[in-house]
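Engineer: sequence below, structure please.
(one chain, ligands or ions: 1)
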Amino acid sequence: MKILVINGPNLNMLGIREPGIYGKNTFADLLKLLEETAQAEGIGIEQFQSNHEGAIVDKIQWAYGKVDGIVINPAAYTHTSVAILDALKAVSIPAVEVHISDVDSRESFRQVSYAGLACYKTIKGHGLEGYREAIRYLVELLGHRIS
Ligand code: DQA
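Structural biologist: Sure, this is the predicted structure:
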């Protein structure tokens, strides 16, 4: 089983960026958590981070036929990008949306998610642990689908 983890703009700045909202853990810490989770679950994980909307669309299209599930934190593009929503719908790969912060308790513009419309589940406000939860959810879901 292979899962693609996509992170959108400014998530490479974790640890530096607004630590009161996103915490002090760095992007490198997140990559370590992903590796640990892959080992623990016995699956393959590929990670991709980009600050560019089109690059994220390209990566989702690339995933077609190559990965079994997608974990995506589209960051600011969550609230604006119909292109990312359409790409997720186009490939139809089971996807889970993650937000490090609790977007529901922040500005009203963060309470709209386009990408989320194509996702099985949204995990918000659980910090970096939300990624582990999303991966485990997909492993469970895909396990049931295959068997
Ligand atoms: C975020 C929430 C978004 O509103 C914001 O633009 C981000 C990060 C989160 O993980 O909490 O960049 O997706």
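
Engineer: briefly note if stretch 85-97 comes near the ligand.
Structural biologist: No - using Cβ under 6 Å from any ligand atom, stretch 85-97 stays clear of the ligand, coming no nearer than 8.8 Å. From N, CA and C alone the C-beta is placed, and that goes for glycine too.

Engineer: other SSEs contacting the longest helix along the chain?
Structural biologist: Determined from DSSP state H, the single longest helix within the chain is helix 129-146. Of the remaining helices and strands, those touching helix 129-146 by 3 or more Cβ pairs under 8 Å, 6 or more residues apart in numbering; DSSP states H and E are strand 2-7, helix 27-41, strand 69-73, strand 95-99, strand 121-124.

Engineer: I'd like these laid out as CSV, including mean neighbour count.
Structural biologist: Below are those laid out as CSV (neighbours: other Cβ atoms under 10 Å):
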stretch, mean neighbour count
strand 2-7, 24
helix 27-41, 16
strand 69-73, 26
strand 95-99, 25
strand 121-124, 18
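
Engineer: so which of those comes closest to Glu53?
Structural biologist: When the helices and strands packed on helix 129-146 are ranked by distance to Glu53, counting by Cβ to Cβ, first place goes to strand 2-7 at 11.7 Å.

Engineer: starting from the closest one, tell me which strands it pairs with and how they run.
Structural biologist: In the sheet, strand 2-7 lines up against strand 44-49 (parallel), strand 69-73 (parallel) (DSSP bridges).

Engineer: show me the shaky parts of the protein.
Structural biologist: Regions of the chain meeting the criterion pLDDT under 70 cover residues 145-147.

Engineer: the ligand contacts on that one?
Structural biologist: Taking Cβ under 6 Å from any ligand atom as the contact definition, the chain meets the ligand at 10, 73, 75-76, 78, 99-101, 103, 110.

Engineer: now, of those residues, which are buried?
Structural biologist: Under a neighbour-count criterion of 16 or more other Cβ atoms under 10 Å, the subset of the residues of the chain next to the ligand counted as buried comprises 73, 75, 78, 99-101, 103, 110.

Engineer: can you pull up the most central residue in the protein?
Structural biologist: Ile72 (1.9 Å; Cα atoms, centre = their mean).

Engineer: distance-wise, check that residue relative to Gly65.
Structural biologist: Between Ile72 and Gly65 the distance, using Cβ to Cβ, to the nearest Å, works out to 18 Å.
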